[in-house]
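> Quick one: sequence and predicted model below, then my questions.
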Amino acid sequence: MSVRVRYAPSPTGYLHVGGLRTALYNCLFARQKGGRLILRIEDTDQTRRVEGAVENLLSVFDWIGLAFDEGPHAGGAFGPYVQSERLDLYRRHVSQLAEAGHAYACFCSPQTLEAMRAEQAAQNRIPMYDRRCRRLSRNEAEKRIGAGEPHVWRMAVPERRDVLVRDLIRGEVRFESATLDDQVLLKSDGFPTYHLANVVDDHLMQISHVIRGEEWLPSTPKHVLLYEFFGWEAPQFAHLPLLLNPDRSKMSKRSGDVAVEDYRKKGILPEVLINFVALLGWHPSDDREIFSLSELVREFSLERVGKAGAVFDQTKLLWMNAEYIKAQSDEALFENVRRALADLIALNGEPRVKYALVVLRGGVTSYDDAVKRVREVFAPLPPADPEMAALLDDETARAVVQELETRLAKLPAPLWLRFDELETAFKQCAQEAGQTRGLKGKNLWRAVRAAMTGQPHGPELARLVGIWGRERVLAELKRSLATVIGHAPC
Ligand code: GLU
């Protein structure tokens with residue numbers, strides 16, 4: 001049997017990380033088995049439709065690098081892949097069920113149903129349709145339909161029997177039919193419900209494995225019954241564990257970022273998100289944590305997906321992002337942030353901006369973080385720290401800074417772009433300037449830092465000179481000397 005799996009989102013506006021995990025596991029499974037991955041849009045709940053949601057979804061998958069073999073945009077032999085374009089099919093299938101006595105028309109109004117629910121709730125019973133229309137004769141039902149009375153179609157759940165769901169992750173899960181509602185299959189507006197459309201499409205699209213979130217497990221016995229009613233073989237089921245917050249509450253929009261788009265904005269790399277999400281439920285055979293997509297395709301297996309909820313740990317995601325960035329060469333990292341630094345490159349030239357990135361990249365957690373650090377080092381300085389400024393009230397320190405400025409100004413221009421040599425030359429100039437007044441060690445460097453930045457902390461000075469370049473270094477030194485003179489008592 002060939003493997004055909006699907007990701008079947010309802011287009012409600014954004015891609016949830018749980019949805020990404022479902023799509024990814026389906027993708028890994030399909031690629032590993034040489035099967036096909038299908039995208040099917042389940043848009044039968046018209047009240048939840050969001051304009052542009054499908055395009056948005058596709059662009060996020062595009063960014064992630066996850067491609068579908070069949071779907072609304074990829075095409076395929078089993079289309080249309082959008083459920084609202086398949087309405088006729090669902091109606092025909094409901095008629096088939098009704099013919100065989102597995103579905104019946106229900107004329108109960110929303111008010112009747114509401115009263116039924118309220119009464120059941122008052123008696124502490126689980127709200128369920130009381131099946132009153134199931135008892136109508138076929139004749140009577142047909143008459144009322146003929147008279148144009150609004151109605152829905154419900155499935156006739158068999159009484160007193162067990163429905164068995166065989167799940168590749170959970171084993172056998174047994175449901176008593178008495179706990180299953182006579183589910184609406186076709187609504188009065190002619191649209192199918194999720195259950196009917198899902199089963200009909202999975203069958204017609206020859207889906208071999210249904211891999212989806214645990215929240216769909218309670219629906220599965222209804223689906224199993226529908227397959228039985230139609231006389232179809234059901235696909236194999238695999239229900240993935242829930243995603244949890246670190247406090248083990250269910251991951252929801254209210255508890256933090258759940259949209260893939262949010263993580264994209266935070267600077268998480270697509271390959272990191274794939275790696276991270278792959279580990280939410282699936283346990284590799286060793287304790288490795290870094291996997292490329294092709295490694296995942298090789299190693300993934302449904303047998304190693306657990307039942308217990310998987311915790312989505314944001315700290316770990318940032319750690320993983322940092323690991324991926326750490327592994328990039330200076331060239332690669334620079335190429336990845338080049339666009340975000342275009343204005344600085346135009347102003348300062350590529351070599352110095354790149355050098356700044358190389359100097360400052362240690363421990364960055366995202367591209368945004370790297371860009372921020374580079375921007376900061378080129379930005380104007382904040383007002384001087386008073387304690388640092390006070391160091392330059394000292395006449396010796398001032399003379400040393402003056403001497404340093406003179407010596408730096410004499411360095412040959414090309415040296416300013418030979419960063420390693422510049423580092424040595426700068427240190428030498430500073431030490432020699434210090435020697436003229438007996439200033440050395442920590443005192444020397446504190447005075448030089450005070451003159452260059454006015455801040456107690458910052459990048460190593462011998463590297464900052466390379467980043468800033470001749471003009472700015474000399475200007476900063478002159479500026480602080482001028483300020484000191486301004487401060488000095490007359
Ligand atoms: N439309 C459902 C969803 O939004 C699909 C569930 C399934 O895969 O059967 O997740």
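Sure, I can see it. Residues are numbered from 1 along each chain as shown.

> distance of Cys27 from Glu289?
Cys27 sits 20 Å away from Glu289, going by C-beta to C-beta, to the nearest Å. To be clear about C-beta, it is placed using only N, CA and C from the backbone, and glycine gets the same treatment.

> Counting neighbours, go ahead and name the busier of these two.
A direct count of neighbours by other C-beta atoms under 10 Å for Cys27 and Glu289 places Cys27 higher, at 26 against 13.

> which element follows the strand or helix carrying that one toward the C-terminus?
Following DSSP states H and E, one finds Cys27 within helix 17-33. Later in the chain than helix 17-33, the nearest helix or strand by DSSP H and E is strand 36-39.

> Against which helices or strands is that next one packed?
strand 4-7, helix 17-33 (3 or more C-beta pairs under 8 Å, 6 or more residues apart in numbering; DSSP states H and E).

> Now the closest residue to the ligand within the stretch 201-350 of the chain. Its backbone dihedrals?
Minimum separation of the stretch 201-350 of the chain from the ligand (C-beta to the nearest ligand atom) falls at Arg212, amounting to 3.6 Å. Main-chain dihedrals, Arg212, degrees, to the nearest 10: phi -150, psi 180.

> For it, grab the count of nearby residues.
24.

> And for the one 4 residues further on?
The local packing of Trp216 (other C-beta under 10 Å) involves 17 other residues.

> unless I'm mixing things up, it is touching His239, no?
Yes: the pair Trp216 and His239 passes the contact test of C-beta atoms under 8 Å, sitting 6.6 Å apart.

> Asn371 sits in which helix or strand?
Quick fix: residue 371 reads Val, not Asn. Counting by DSSP H and E, Val371 is part of helix 367-378.

> in that helix, what's buried?
Buried residues in helix 367-378, counted by 16 or more other C-beta atoms under 10 Å: 367, 369-371, 373-374, 377-378.

> Show me how far it is from its chain's centre.
On the basis of C-alpha atoms, centre = their mean, to the nearest Å, helix 367-378 sits 23 Å off its chain's mean C-alpha point.

> cool, stretch 292-308 as well?
Stretch 292-308 sits 18 Å away from the centroid of its parent chain (C-alpha atoms, centre = their mean).

> Compute the mean per-residue pLDDT across that stretch, please.
The average of the pLDDT scores along stretch 292-308 is 96.

> any residues touching it, and which ones?
25, 28-29, 31-32, 65, 168-170, 211, 238, 240-241, 271, 274-275, 278, 281-285, 291 (C-beta atoms under 8 Å, 6 or more residues apart in numbering).

> Next: stretch 398-413.
Outside stretch 398-413, the residues that touch it by C-beta under 8 Å, 6+ apart are 392, 422, 425-426, 429-430, 432-434, 436-437, 439, 444, 447-448, 451, 465, 470, 473-474, 477-478, 480-481, 484.

> if you set the cut-off to 6 Å instead, what comes out?
Residues from elsewhere that reach stretch 398-413, judged by C-beta atoms under 6 Å, 6 or more residues apart in numbering: 392, 425, 429-430, 433-434, 436-437, 439, 451, 474, 477, 484.

> quick one, helices of the stretch 301-450 of the chain?
314-326, 330-337, 342-348, 350-360, 367-378, 386-391, 395-409, 419-435, 441-452 (DSSP state H, counting those that start in this stretch).

> try the stretch 1-150 of the chain
17-33, 53-64, 87-99, 110-122, 138-146.

> And the third one, how far out from the chain middle?
By that I understand helix 87-99. 38 Å.

> Can you mark which positions in the top helix by length along the chain are buried?
If you go by DSSP state H, the chain has its longest helix at helix 461-487. Neighbour counts over helix 461-487 (16+ other C-beta under 10 Å) mark 461-470, 472-474, 476-477, 480-481, 484 as buried.

> follow-up on the earlier one: tabulate the helices of the stretch 1-150 of the chain (CSV), appending distance to Ile41.
What follows is the helices of the stretch 1-150 of the chain, written out as CSV (distance: least, C-beta to C-beta, whole Å):
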stretch, distance to Ile41
helix 17-33, 12
helix 53-64, 6
helix 87-99, 14
helix 110-122, 27
helix 138-146, 30
